[in-house]
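> Have a look at this prediction, sequence included:
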Amino acid sequence: MSCQLTDNDFYEPIYGSLSRIQSLFDDYQREKFTVRPPEFFSLELCGEAGELANLEKKLWKGKTIPMESVQDEAADVMIALMNYANARGINLADAVNIKLKRIEEKRLRLEQTGEQY
């Protein structure tokens with residue numbers, strides 16, 4: 001069974017929630033930590049994503065990794081992304097909604113030709 005989501009069902013809740021979360025991250029970062037340039041947060045984001053990828057590689061190889069470690073690194077990636085976006089003045093809610101709409105347009109075009117996204 002296919003589920004048809006409307007903009008109100010999908011995009012608007014993301015926009016409202018993500019905007020609020022990003023704003024709270026910005027307030028917290030500015031109040032509690034040293035101001036850093038966007039380049040710092042970009043490098044931090046790369047480092048944290050690399051740590052997460054390394055854990056995934058180990059899991060892929062069959063090693064036992066506590067899920068708490070994976071969760072921790074995923075959280076670090078999100079925090080670094082929020083800090084980067086705030087330092088760069090990127091509104092993630094706008095950016096994510098624009099990107100999701102482009103993805104959906106492409107998915108629908110491919111679906112019409114029998115292809116999968």
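It's in.
> which residues in the protein form strands?
Counting by DSSP state E, the chain yields no residue ranges for strands.
> where does this structure dip in pLDDT?
Under the criterion pLDDT under 70, the flagged ranges of the chain are 1-8.
> my guess is Leu110 meets Gln116, correct?
Yes: with contact defined as C-beta atoms under 8 Å, Leu110 counts as touching Gln116 (6.6 Å). For every residue, glycine as well, the C-beta is placed using N, CA and C.
> More neighbours: which of those two?
A count of neighbours by other C-beta atoms under 10 Å puts Leu110 above the other of Leu110 and Gln116, at 12 against 6.
> in this structure, which helix has the most residues?
In the chain, assigned by DSSP state H, the helix with the most residues is helix 7-32.
> so what does that one touch, helix or strand wise?
helix 67-88, helix 92-112 (3 or more C-beta pairs under 8 Å, 6 or more residues apart in numbering; DSSP states H and E).
> quick one: the nearest residue to Gly16 once chain neighbours are set aside and Met67, what's the gap?
With sequence-adjacent residues excluded and distances taken as C-beta to C-beta, 6 or more residues apart in numbering, Gly16 is closest to Ala93, at 7.6 Å. With distances taken as C-beta to C-beta, to the nearest Å, Ala93 is found 29 Å from Met67.
> For the two, indicate the residue with more neighbours.
Ala93 (21 against 9).
> is it true that that one touches Ser23?
No: in this structure Ala93 lies outside contact range of Ser23 using C-beta under 8 Å: 9.7 Å.
> Near Thr113, how many residues? Count them for me, please.
Considering only other C-beta under 10 Å, Thr113 is surrounded by 6 other residues.
> Torsion angles phi and psi at it?
According to degrees, to the nearest 10, the main-chain angles of Thr113 amount to phi -100, psi 10.
> any residues touching stretch 56-70, and which ones?
The contact list for stretch 56-70 (C-beta atoms under 8 Å, 6 or more residues apart in numbering) reads 52, 55.
> ditto for stretch 86-105
Around stretch 86-105, the neighbours that count as contacts under C-beta under 8 Å, 6+ apart are 10-11, 14-16, 18-19, 22, 25-26, 29, 36-38, 40-41, 81-82, 84-85, 117.
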